[in-house]
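S.K.: fold the following, please.
(2 chains)
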Amino acid sequence: MVEKEGKIWAIGGGKGGTGKTFVTSAMGTYIAGKGKRVTLIDIDIGGANLHSFLGISRPKKSLTDFFEAGASLNKLAVKTGIDNMSLITGDIHSLASDNIKFTQKLKLFRHIMKLNKHYVIIDLGAGSHNNTIDTFLMADKKIVILEPEITSVENMYHFIKNALFRKLRMSLREYGFKDIVEQMWERREEYNIKSLRELIDSIRVNFSHVGDIIDRELSDFKLCLILNKIRSSDDILIGSSMKSIFMKYLGVDTKFAGFVEYDDSVWRSVRERRPFMLNYSLSRSAKEVEVFTENLLKGKEIKLSRN
Amino acid sequence: MIMSGKTLKRYFEILELDSGASLSEIKNAYLRLKRLYSTDSIVITPIADEFSKKRRLAVLHQIEEAYTKLNEELKDEHQKSTHFGNSGIASKNVSEGEEADNPLFRGDVLRKIREKKGIHLYEIALDTKIRVEILENIEHERFDALPQEVYLKGHVSNYARYLLLDPRKVADDYISRYKTWMADVKKKV
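M.R.: You can find the predicted model right below:
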């Protein structure tokens, strides 16, 4: 598994359009500006456009070359025009992405880890596809982006539950309890299981010997939450609420790293083909990006004055 | 009462606070969480069908316990603690739960009836979608903190219905006292 250096960050969260790509590019720019080396990886399947947020054209080589021709990641990385920061693009839709085998994903991850001394920020894109989830699970920091909208909340629950389900299934399998999750799920009517929470609880009851493993896996699954496009200070409460529910309902420990307000300069930057953090470095939203990025670097949470 | 450090820490965790948070932080966290788990909102609605009422009640009880215990524990240090607003009529002559022929469905009487039936306010809140704070204010007859008469009447009726009382009788009685209060307020202005 990944060493707890905390330098590989994955940005996910389910719904499209919540600002994953924006957050990835803005955080990367900020960290690179601090003199640290950063590699951004865009694996937004079918919608890779991180380059546009940086104002550069689509890189010619992509991870397809890594998977099919064994090209090294260093060869795929292109300059971004920002010191210390390079970009690798996924563009995985060109090969049937469903066919990326788990071993290939592991290989990719091994190579990512070899980019040592780099911060690697991976833009996962939307959806709860297995490829997305597996990458998310392997990262040191699992960052989710939420917009204060019910659709975004809904998709985020879906994403987190899928990730948790997959993690439990895979780790129980690793410990040699191959079919417990599947068995329990197949007999869900008999046991009156309607949710992931109930599934976890009944595995605990009916297979008490794996209780420890479940506890460990749950406590190992930590999230960082960023709230994007808020329109009022009341919206900030949604971040605290999600954090609370993740813990009290799913048992998932979450750090609420911070928020960014809705800001038209974000799309204006894309249109002007200039990185937001450089173009609008003095704006309030740029400061907010700095705050949550610092929190992520230090493993801290945002301090809310009224709580 | 001396609480072990571990228990204390757990109570702080339930309220999602660092150990050593102040009394006012404790109270704010308590109010925030109480509202979160007893009302529908965009963070609850998407999982409302699976995050069952029973589970939410269990969470609410935990929050309640943590708050009560932390308050007891820390009250000695701070003299200023919770206040019990008692703007209602002095409570003499409260016959325990004589629903049928007690003409006065005062807030405190209603509360006694509810407690006798072993019903928690949270259950009513989750079922009627009336916020817990409002239900508390109804029971304490904090008229100044209650919504306007039309809404209040609906709330009191729903509350009464949950306790299997005659909603009309209860509401009429309750509202009559609210009106007296209202008239007094207007006189003073």
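S.K.: surely A:Y280 meets A:E288?
M.R.: No - using CB atoms under 8 Å, A:Y280 is not in contact with A:E288, being 11.5 Å away. In short, each C-beta sits where N, CA and C put it, glycine included.
S.K.: tell me the secondary structure at the residue of chain B found nearest chain A.
M.R.: Closest to chain A within chain B is B:E50: 3.5 Å, counting by CB to the nearest CB. Following DSSP: H, G, I helix; E, B strand; the rest coil, B:E50 is assigned to coil.
S.K.: so for it, what's the pLDDT?
M.R.: With respect to pLDDT, B:E50 scores 89.
S.K.: and the nearest residue to it once chain neighbours are set aside, how many neighbours does it have?
M.R.: Nearest-residue entry for B:E50: A:S195, 3.5 Å, with adjacent residues in sequence omitted and distances by CB to CB, 6 or more residues apart in numbering or on different chains. With neighbours defined by other CB atoms under 10 Å in any protein chain shown, the count for A:S195 comes to 18.
S.K.: spit out the contact partners of A:S195.
M.R.: B:I47, B:E50, B:F51 (CB atoms under 8 Å, 6 or more residues apart in numbering or on different chains).
S.K.: so where's chain B shaky on pLDDT?
M.R.: Low-confidence segments of chain B (pLDDT under 70): B:1-2, B:76-103.
S.K.: any residues of it in contact with chain A? List them.
M.R.: B:16, B:25, B:28-29, B:32-33, B:36-37, B:41-47, B:49-51, B:55, B:59 (CB under 8 Å from any CB of the partner chain).
S.K.: and the contacts of the helix or strand harbouring B:M182?
M.R.: Using DSSP states H and E, B:M182 sits in helix B:167-188. Helix B:167-188 has contacts (CB under 8 Å, 6+ apart) with B:103-107, B:110, B:138, B:141, B:143-144, B:146, B:149, B:152-153, B:156-161.
S.K.: ranges for the strands of the stretch 151-300 of chain A?
M.R.: Counting by DSSP state E, counting those that start in this stretch, the stretch 151-300 of chain A has these strands, from start to end: A:222-230, A:253-261.
S.K.: number of nearby residues for A:T254?
M.R.: Residues lying near A:T254 (other CB under 10 Å) number 22.
S.K.: try B:L23
M.R.: 16.
S.K.: on that earlier part again, which ones among the contacts of helix B:167-188 map onto helices?
M.R.: Judged by DSSP state H, those include B:G107, B:L110, B:I138, B:E149, B:L152, B:K153, B:V156, B:S157, B:N158, B:Y159, B:A160, B:R161 as members of helices.
S.K.: isn't the second one right up against B:L163?
M.R.: Yes - when contacts are counted by CB under 8 Å, B:L110 is listed as touching B:L163 (7.2 Å).
S.K.: more crowded one of those two?
M.R.: Using other CB under 10 Å, the more surrounded residue of B:L110 and B:L163 is B:L110, with 25 against 18.
S.K.: now the nearest residue to A:S285 once chain neighbours are set aside: how far from A:L250?
M.R.: Excluding the flanking residues, the one nearest A:S285 by CB to CB, 6+ apart is A:D263, at 4.1 Å. With the distance defined as CB to CB, to the nearest Å, A:D263 ends up 31 Å from A:L250.
S.K.: who's more crowded, those two?
M.R.: A:L250 (22 against 19).
S.K.: gap between the residue in the stretch 151-300 of chain A that chain B sits nearest to and B:D40?
M.R.: Proximity to chain B, evaluated over the stretch 151-300 of chain A using CB to the nearest CB, is greatest for A:S195 at 3.5 Å. Taking CB to CB as the measure, A:S195 falls 18 Å from B:D40.
S.K.: how about B:T68?
M.R.: In this view, B:T68 and B:D40 are 25 Å apart by CB to CB.
S.K.: next one: A:D220
M.R.: Using CB to CB, A:D220 is found at 32 Å from B:D40.
S.K.: got it, and A:E182?
M.R.: Distance from A:E182 to B:D40, by CB to CB: 34 Å.
S.K.: circling back to that earlier point, how about the contacts made by the residue of chain B closest to chain A?
M.R.: Listed by CB under 8 Å, 6+ apart, the contact set of B:E50 reads A:K194, A:S195, A:L196, A:R197, A:E198.
S.K.: again, but for A:K105
M.R.: Under the criterion of CB under 8 Å, 6+ apart, the neighbours of A:K105 are A:N131, A:D134, A:T135, A:M138.
S.K.: the residue nearest to the last one when sequence neighbours are not counted: neighbour count?
M.R.: What that stands for is A:M138. Spatial nearest neighbour of A:M138, excluding adjacent residues (CB to CB, 6+ apart): A:F109 at 5.1 Å. By other CB under 10 Å, the residues close to A:F109 number 17.
S.K.: from what I see, A:F109 and A:F136 are in contact.
M.R.: No - using CB under 8 Å, A:F109 is not in contact with A:F136; the gap is 11.5 Å.
S.K.: next one: the residue nearest to the spatial centre of chain B from A:S52, what distance?
M.R.: Among the residues of chain B, B:E136 comes closest to the average C-alpha position under CA atoms, centre = their mean, at 3.1 Å. With distances taken as CB to CB, B:E136 is found 53 Å from A:S52.
S.K.: just the buried members of the contacts of B:E50?
M.R.: Buried members of the contacts of B:E50, scored by 16 or more other CB atoms under 10 Å in any protein chain shown, are A:S195, A:L196, A:R197, A:E198.
S.K.: could you look up the SS state of B:L60?
M.R.: Classified using three-state DSSP, B:L60 is helix.
S.K.: bridged to A:L227, which residues?
M.R.: Note on A:L227: beta-bridge partners A:L146, A:F259, judged by DSSP bridges.
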